[in-house]
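>>> Return a 3D structure for these sequence lines:
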Amino acid sequence: MRILITGANGQLGSEIRALTSLYTNFSFFFTDFKEVDICNYEILKNYVAENSIEAIINCAAYTAVDTAEKDVKTATQINVVGVENLVKVTQAVNGKLIHISTDYVFNGKNCKPYAEEDLVSPIGVYGKTKREGEEKVLNAAINAVVIRTSWLYSSFGANFVKTMLRLGKEREELGVIFDQVGTPTYAKDLAVACLEILSKKNQLNEASSLYHFSNEGVASWYDFAKAIMQMAAIDCLVKPIESKEYPTPAERPFYSVLNKSKIKSDFKIEIPYWRDSLKKCISKLQ
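Residues are numbered from 1 along each chain as shown. Below you'll find the predicted structure:
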């Protein structure tokens, strides 16, 4: 199978690239916006045709949550128009599409893990544009999977883990939010899930399917930061603070734990506990 990875220089795309030697039955084509701008339909269509692409994993997204509040146009172009273009080219070649979405489609007011059928209610521009992108995929007659994930980190790119490791070495103490709860997700684990799903997609009859994926377990950002410092053996005092003490342009969901029962059942995927995956990532970084 010939697979196009869009947004290939980001965390998830980089993790997929690192796994290519394990999936010798796939031929990978890694592109970022400089090679293939998903917002330009003609360029995208020509690339897919010229390279006989059979499947796409869309890792491209506008993820600057706070900046999106003012830059609505760019967020919409990438998260909505770009996804619509991917849907159209997938239809044209009768291919497969995996599209990555987010926990930000929910308002964070739940008290139990969000299931795929729970009502969405995004509270910011980022979440709203990602939800519109989801709808472009789910409402299309194509062989597609939408995967919502949360709190992504990796040994590649910029992320919370790397920020904490850097600040922990620079400062004696840090204040980290304790009243936002979710699950950290190692991008490598999500990359494996995407490739396993692509290997098994023919098992499903649905045209398009929606799934949740994060690592197992629950944590606050404070818990996450504490674990990072402990595993990296950094002597930095982490103090819990409330969200109101660290105001941001975009509101964050206070609760974004995802229920992964469906993806585990349909694809027989084993999902690691978040602390176990964090330990592997920090070990790689060190």
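
>>> Could you tell me which residues within the helix or strand in which residue 132 is found count as buried?
Using DSSP states H and E, residue 132 sits in helix 125-138. Buried residues in helix 125-138, counted by 16 or more other C-beta atoms under 10 Å: 125-134, 136-138. (Glycine included, C-beta is placed from N, CA and C.)

>>> distance of the closest residue to residue 165 other than its chain neighbours from residue 224?
Leaving aside its chain neighbours, residue 165 sits nearest to residue 232 (5.8 Å; criterion: C-beta to C-beta, 6 or more residues apart in numbering). Going from residue 232 to residue 224 by C-beta to C-beta, to the nearest Å gives 13 Å.

>>> Neighbour count: those two, which is higher?
It is residue 224, of residue 232 and residue 224, that has more neighbours when counted by other C-beta atoms under 10 Å, with 23 against 19.

>>> Can you classify the more buried one by secondary structure?
When classified by DSSP: H, G, I helix; E, B strand; the rest coil, residue 224 comes out as helix.

>>> Leaving out sequence neighbours, find the closest residue to it.
Closest to residue 224 by C-beta to C-beta, 6+ apart is residue 184, at 5.4 Å.

>>> Would you check that that neighbour makes contact with residue 276?
No. With contact defined as C-beta atoms under 8 Å, residue 184 does not count as touching residue 276 (11.1 Å).

>>> correct me, but residue 83 touches residue 99?
Yes. The criterion here is C-beta under 8 Å, and residue 83 meets it with residue 99 at 6.3 Å.

>>> In contact with the residue nearest to residue 165, which residues?
By C-beta atoms under 8 Å, 6 or more residues apart in numbering, the contact set of residue 232 is 165, 168, 282, 286.

>>> Pull out the buried positions in the helix or strand containing the second one.
This points to residue 168. Assigning secondary structure by DSSP H and E places residue 168 in helix 160-170. For helix 160-170, a neighbour-count test (16+ other C-beta under 10 Å) marks 160-162, 164-165, 167-168 as buried.
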